Each structure stands twice: as C-alpha cells, then as structure tokens.
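Q: I need the structure of the sequence given here:
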Amino acid sequence: MPLAQRFESKTLSLPPLPQFGNVTKLLPFIVLAAILFAACEALDTTPTLVPTSTTIPPVAPTLTLAPTSAPTPTRALSPAVIVSPSPTTRRGPGGSIIVAGVGAPSREITALPEFVSRALYDSLLRVDPQDGHLLPGLAERWLVSEDAKTFVFILREGVKWHDGTSLTSDDVVFTLQELSSPDIRINPAADFGMIEKITATDARTVNITFREAYCAALTYIGVVNILPKHLLKDKALTNVADGDLIGTGPLMLKEWDDDRITFTRNANYWNGAPQIVDWTYQIFDDESAARGAVRQGGTNVLVSDAALETVNVPYNANEFYALAMNVARKPFDDARVRQAIASALDRAQFTQTFDGAISLETSLLPTFWALPPNVAQPQFDVTRARQLLAEAGWRDGDGDGILEKEGKPFEVTLWAQAEEPRSELAAQIAREQLARIGVRAVLKLTERTLFLTRVFLQEYDLALVHFNIPLDPDQHYFWASNETEPGFGLNVTGYQNARVDEALDAGNRVARCESIARKNAYAPVFQQLAQDTPMVFLFAPPRVVNTNARVRGIAPSSFAGAFWNLQMWEQEK
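A: Modelled structure (predicted):
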C-alpha cells in the first residue's frame, strides 16, 4: 500500500498549518514523520536478555525455513554486566517508587508514555540494550523463509495476561491485523510492509506472509506491543479503559487518575518478577516541576535531557542531529559544495557544546550492530573546504569575505526550530563555522509546524534536522529515490543515488534475513552517504536518568530505552 494511502487514514492533532505551498498533501507525511522525527517518541521496544533456542520446531513441508542468526555476543549478557550500579545480592520484594512524567499521557494504545508501555506490555522480540540486535521476547524463537517472505514466530509456553488468561497466537494475529489495517484510526506504530496473510497455525505458532521480501518487518513487527484479543476485540484503541489496559508485562495497572497512574508488580512475570512492589507514574505539567520534585525527593526517577543534582545515569538517545542540504537546489546539487560544507563544520565543537553528546559519521549510532566499518564523513579541514568551493567556481572576487559565483554571493537560508534549544544553538554554531569559509547562512528560526512544513516540502536551502534512528538498518525512508517527492516522502534532502537504492532493496531481500548478510548489504548505503554528503551528521544527543539515589539497577540503553529492565530495579532500604 502506498505510504500516502496508509497514513491518510490516520488521525493527527496539529495546530493549523501555515498557508503556503501545497500544505494539504503534507498531512499524511507529517503523520509518518511522527515515527521518525525525533521530537516524538521512538518505536516502542522492551528488550530482555534470553538466549536464542537452537531447537527448531517442525514447520510446514512446503516451506524451507531456517533460524535467523543474530550477531554473536562477545561478552556475557548478564544483568551484572549491563546494569550500573548493580546490586551484589538480590533482596526480597518490597518498597515503592515514583517515576516522573511530563504532560497529560495519551490513552491511545500505540502512544502510551514510554514507562507505561514498558510496564504493561511485551513484544514478540526484544532489543539488545548494548548493540540493538534482536533477541527473543514473547516469541522464544523465530524463523524466516529462504525468500524472506515468510516469518514464523513460536511463542513461549506459560505466559499469561495480567487477568490470568493465557497468551496465544490468536492475540498476536489480532494485534498485527488491527495495527496494519488501513481503517484503524490510531497513530501507526510501524510500517509492517505488504502483508498478504497472518495466520495462527496452532496456539503457539504465528505465520506471516508478505507479498514481497521485507526483512525490516522482522524488527517492526517484532517490537510492537502484543495486545489481548479477548479484551480489545471490537473496541476502539484510541481511548482504552483501565480495565482493558491488560498486558503480559512486569507491572499491572491499579488505577489511572488525572495526576498519577499506579501499578503493582506482576509476581508471575515470565521474565522474572520485579523487586519493587508498588509503582507510581506521577504526572507533571512541565519538566521544571518534575525536576523540582526529584530534587526535593518527592519523586525518585526522571528521564531528562539534562543532569540534575542527583545520581545521574547518562546514555545517548538513538537520534541524530544533522545539517541537511537541499540537493535539488543550487548550489547544493554540486557534490563538491556539499563536501565543502561538511569539511567546514568542526563537529568537535558541537559535542563540546552539548555535554554528553557523541559525534556521528552516519545516520547510525557507533555501537549499532549493523554499522559497517570504515565509514567516515569528510573531516574538519577549512583549507580543503575552500579548495573544493574554488573548484566549484566560488571565489571571493571583491574581498568582502563572501564567496561569489557568476556575480551572485553564496548566501543561503538555514532553518531551525526556535523552541528546540539544541537545534537553535547547533544552527547558530553551523552558521558561524560556514561564515569562516565565505558562506553566508541566513538563520530562519521558527516554530515547529512551520519548520516541519518547510523541511518536508523541501522549501529550504539548509536545515538543522533532528530525527529518530530506526531500530532496523533499513533506512529507505531517509535515502531512497522514491521517497523524494515533497510532501509524500521522508527523503527531505531530495537525494538520489542508484547504488543506494540497490543496496536498500538488497538489504530487505537477504535470504532468511540473516543479520551479517544484511549488515554487508546495507554497507554501500552508508559508504555512499559519506561520499555524497546530502546531510552532515553532527551528533547523537545525551539523555540522563536522574534518580535521588533510592533506586539501584537503572541501566538506560540507546536502543532499548530507559525502562527495559525495570524488573531488575531495587529500592535502597
């Protein structure tokens, strides 16, 4: 189904769009952008550390299936390795904890706050908190056909919903059918691809067949929260009642009030019962109030962009900030100009300015399992930048410090979000650095909707963008040639490269979706991006879990989020 068709059927609450350009056609695009644009929450995942079974169950004789392979860990994946600080002994259950949240939480099933979602639900697969590869979840193992069109998930035995009902394959079929329906009016959780058929072959086995190979769906389907069919069938998923917020997760809902949501531990949780018994998600109007509550001890945990005067556990968000160049506009249609811009930017200044940020070479984090080796953007070299611009015909003919070509100065617009502090400051740094090579960037700071409209309709020269990074290495939304139409695609730079298109397609057609082969298939994408530089990747921003030292075992992950192991948290006594 075309992306525009998929997302025109979804609802989205937005302020009035500015009246310029073809704004009407932008709406389906902005809904899809809610998945990837970093001001919104990333795809929901809740990993666990359970070894993949090597036992392969019988399958239909008409299919040749083989187990998928994940990157082989080079270290033990025990909680003691990844949890910091880690308790030396496990106490018995007890205690209570208050987690601070900001803003009125949604009751839409795919848009719950991250903590609430992690607490209540599980997914078929989990995400390794260290490098992002897939691990077993509710599915103890999975298989993929040779042609990468059929996925088989085998569920764990004995998993129960919070009301005591057994989890079955019918719940998985219900969830995937509901969330992939073009008629369901909720924000999409993922693009599942061209599903042909979803069937439950027995109580523990789910078969999913696609019309064409689409390996990325293994991630997108694998990380979706599985919902209870017996409670939600024939009910709207946009405003779920308390009694229907039943999952298989580590916590069970007690009550949802206007200012707080309370939970108790799931003593029968299949992945180990939580140590802390009583949990509260305290809702604050703004982050300032939430920070004050943590400082004063009224709440115990807050995930924030900034460190407070508490115990801080830092990590990096799975996001990138980048300087996007509109390659459909002069002078950025010239690769030499784009490479010059990349060489002119001192990325070390960005990471020094944003304490805890890490520098990026491409649109993947350095620790992600599918990052190919030896991918590097043009390094900071002002002399090289000036040389490239001279080769492209840009020179300072009148000595005013601004380059010119054919009598026109090198003056361009640089758009950024005014209310997003990092974007605004990063844009100002970029403007100053470009001025040193004779490029005048006129800063356009504007509110979010106008900024998104400008970027998505490709009505800009330069833009300081901020995107979530997908949990799968498939990034066709960002880089495929068929995603470049303004208002209909997420390739906001207008970048097109046949080698990239071929590699993106190849990565989704890998036999059995084998992970190492997929990593190799996608390598040309990131190598070519480094050479063509439609964007200059600047940094991945820092995040911090602030706690007032009453909680141990917190171990936030760039890939799995801040709450992936909440069943391991303990409260000091």
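Q: any low-confidence regions in the chain?
A: By pLDDT under 70, the weakly predicted segments of the chain are 1-91, 183-191.
Q: hmm, try it at 50
A: 1-32, 34-35, 39-88, 188-189 (pLDDT under 50).
Q: Could you identify the longest helix within it?
A: Longest helix in the chain by number of residues (criterion: DSSP state H): helix 515-532.
Q: Mind exporting the C-alpha coordinates of it to PDB?
A: In PDB, the C-alpha atoms belonging to helix 515-532 read as follows (Å, rounded to 0.1, in the frame of the first residue of the first chain):
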ATOM      1  CA  SER A 515      21.900 -10.400  10.100                       C
ATOM      2  CA  ILE A 516      25.500 -10.400   9.000                       C
ATOM      3  CA  ALA A 517      24.500 -10.600   5.400                       C
ATOM      4  CA  ARG A 518      22.100  -7.700   5.900                       C
ATOM      5  CA  LYS A 519      24.900  -5.600   7.500                       C
ATOM      6  CA  ASN A 520      27.000  -6.300   4.400                       C
ATOM      7  CA  ALA A 521      24.100  -5.500   2.100                       C
ATOM      8  CA  TYR A 522      23.500  -2.100   3.700                       C
ATOM      9  CA  ALA A 523      27.200  -1.100   3.900                       C
ATOM     10  CA  PRO A 524      27.100   0.600   0.400                       C
ATOM     11  CA  VAL A 525      24.300   2.900   1.700                       C
ATOM     12  CA  PHE A 526      26.400   4.400   4.500                       C
ATOM     13  CA  GLN A 527      29.600   4.400   2.400                       C
ATOM     14  CA  GLN A 528      27.800   6.400  -0.400                       C
ATOM     15  CA  LEU A 529      26.200   8.800   2.100                       C
ATOM     16  CA  ALA A 530      29.700   9.600   3.400                       C
ATOM     17  CA  GLN A 531      30.900  10.300  -0.100                       C
ATOM     18  CA  ASP A 532      27.800  12.200  -1.400                       C
END
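Q: contacts for the next helix or strand after that helix?
A: Going down the chain from helix 515-532, the next helix or strand is strand 535-540, by DSSP states H and E. Strand 535-540 has contacts (Cβ atoms under 8 Å, 6 or more residues apart in numbering) with 316-325, 341-342, 345, 347, 350-351, 354, 357-363, 365, 377, 426, 465, 493, 529, 558. Where you see a C-beta, it was placed from the backbone N, CA and C, and this is true even at glycine.
Q: Just these: which are in helices?
A: Applying DSSP H to these, the entries found in helices are 341-342, 347, 350-351, 426, 529.
Q: For those residues, which entry has the maximal number of neighbours?
A: residue 341 (27 neighbours; other Cβ atoms under 10 Å).
Q: what residues are up against that residue?
A: Counting by Cβ under 8 Å, 6+ apart, residue 341 makes contact with 323, 325, 332, 385, 434, 439, 462, 533, 536.
Q: repeat that for 10 Å
A: 323, 325, 331-332, 378, 385, 388-389, 412, 430, 433-434, 437, 439, 441, 462, 533, 536 (Cβ atoms under 10 Å, 6 or more residues apart in numbering).
Q: go on, residue 370?
A: Contacts of residue 370 by Cβ under 10 Å, 6+ apart are 71, 131-133, 364, 472-474, 507, 515-516, 518-523, 526.
Q: roughly how far apart are the closest residue to residue 210 other than its chain neighbours and residue 512?
A: The shortest distance from residue 210 to any non-neighbouring residue, by Cβ to Cβ, 6 or more residues apart in numbering, is to residue 149 (4.8 Å). According to Cβ to Cβ, to the nearest Å, residue 149 stands 11 Å off from residue 512.
Q: so what's in contact with these two at the same time?
A: Contacts common to residue 149 and residue 512, judged by Cβ under 10 Å, 6+ apart, are residue 215.
Q: need the contact list for the residue nearest to residue 210.
A: 63, 194, 196, 208-215, 509.
Q: Report the two of these separated the most.
A: 63 and 194 (18.4 Å; Cβ to Cβ).
Q: Could you pull out the strands in the stretch 451-573 of the chain for me?
A: Secondary structure of the stretch 451-573 of the chain, counting by DSSP state E, counting those that start in this stretch: strands at 462-468, 535-540, 542-547, 551-552, 570-571.
Q: out of the ones you listed, which comes closest to residue 274?
A: Proximity to residue 274 (Cβ to Cβ) singles out strand 570-571 among the strands of the stretch 451-573 of the chain, at 9.3 Å.
Q: Partner strands of the closest one and their direction?
A: strand 551-552 (antiparallel) (DSSP bridges).
Q: Pull the distance from the strand it pairs with to the chain's centre.
A: Distance of strand 551-552 from the chain centroid (Cα atoms, centre = their mean, to the nearest Å) equals 26 Å.
Q: And for stretch 149-162?
A: 24 Å.
Q: Please write out the alpha-carbon positions of that stretch in CSV.
A: Coordinates of each C-alpha in stretch 149-162 appear next as CSV, following Å, rounded to 0.1, in the frame of the first residue of the first chain:
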residue,chain,number,x,y,z
LYS,A,149,8.7,-13.5,2.6
THR,A,150,7.5,-15.7,5.4
PHE,A,151,8.2,-15.2,9.1
VAL,A,152,7.3,-17.8,11.8
PHE,A,153,7.2,-16.9,15.5
ILE,A,154,7.0,-19.6,18.2
LEU,A,155,5.6,-18.3,21.5
ARG,A,156,6.8,-19.2,24.9
GLU,A,157,4.8,-21.6,26.9
GLY,A,158,3.0,-20.5,30.1
VAL,A,159,2.9,-16.7,29.5
LYS,A,160,-0.3,-15.2,30.9
TRP,A,161,-2.1,-11.9,30.7
HIS,A,162,-2.5,-9.9,33.9
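Q: I'd like the distance between the residue of the chain most remote from its centre and residue 438.
A: Here the chain reaches farthest from its C-alpha mean at residue 398, the gap being 47.4 Å by Cα atoms, centre = their mean. From residue 398 across to residue 438, the span is 11 Å (Cβ to Cβ).
Q: Now for those two: what residues contact both?
A: The contact lists of residue 398 and residue 438 share 404, 409, where a contact means Cβ under 10 Å, 6+ apart.
Q: ok, back up a step: dump the ones in helices among the contacts of strand 535-540 into a markdown table; add distance to residue 235 as well.
A: Formatted as a markdown table, those follow (distance: Cβ to Cβ, whole Å):
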| residue | distance to residue 235 |
| --- | --- |
| 341 | 52 |
| 342 | 51 |
| 347 | 49 |
| 350 | 47 |
| 351 | 47 |
| 426 | 44 |
| 529 | 44 |
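Q: Many thanks, I have nothing further to ask.
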